[in-house]
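just a sequence and a predicted model for now, questions to come.
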Amino acid sequence: MPAPAARVPRRRAETRRRLLDAALAVFAEEGFGRSTVEQVCERAGYTRGAFYSNFASLDELFLAMWERRSAELLDGLRDAFEQAGATDVHDVGDVVRQLLPAIPVDDVWYRVSAEFTTHALRNPALRQLMTARETAIAETLMPFLEDLLTRVGRVVPDPNALGQALIAVHDGTTVQCLMAPDDPGVWQRRTDLAVRVVTAYSEGAPR
């Protein structure tokens, strides 16, 4: 009877998905330290039994939610960068204006990721997870960025350094953008800073 057996993994996957979706909302609203299993279950529409058949603890759920959201972010970046790569660029400013909007400034995710970062600073294993995520983001970003910069006559001597610098620009300006989302000056300064960083970490291609 393969059909009933096939339904069980699908049902389990749906349960996990709903619990992870609920956890993202609850953690963003309440904070991880103040959230409870009951709150996550209530938001997802499940019992504690359903929770513990999928996750041993809120810590495990938090980590699974983080890993899933990071993977979704990277997939979205790849799609956005591929679309940006099909457009015309004439200088570094054009390159930045194509790529920067592809990196989301997400209020809900920022609240959760900021708390995860704080949590990771107290846990060496989670620090490795954070480092791996930043490395994956840089590795996703740099091939597209280098291609666009080549088209405007610039090369990147140290792609890793530029990737890390751009992550720092994003992290450092995200709070300002979230605090004043309707202030065009804040968003323009974010763009201007990124242009300066890309210019500083790249150089004219040899003729």
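Looks like it came in fine.

spatially central residue for the chain, please.
Here the mean C-alpha position of the chain is nearest to the C-alpha of residue 73 (Cα atoms, centre = their mean), at a distance of 4.5 Å.

how is that residue assigned, secondary-structure-wise?
Assigned with DSSP: H, G, I helix; E, B strand; the rest coil, residue 73 falls in the helix class.

ok, and the closest non-adjacent residue to it?
Excluding its sequence neighbours, the residue lying closest to residue 73 (Cβ to Cβ, 6 or more residues apart in numbering) is residue 104, at 7.2 Å. No exception for glycine: its C-beta is placed from N, CA and C like everyone else's.

in a helix, that's where the one you found is, yeah?
No: secondary structure of residue 104 (three-state DSSP): coil, not part of a helix.

give me the distance between it and residue 30.
Per Cβ to Cβ, to the nearest Å, residue 104 is found 22 Å from residue 30.

equivalent analysis for residue 74, please.
27 Å.

who's more crowded, those two?
residue 74 (16 against 13; other Cβ atoms under 10 Å).

now do the same contact list for that one.
136-137, 140 (Cβ atoms under 8 Å, 6 or more residues apart in numbering).

how near is it to residue 64?
Applying Cβ to Cβ, the value for residue 74 to residue 64 is 16 Å.

one more: residue 172?
28 Å.

so these two - more neighbours on which side?
residue 64 (16 against 11).
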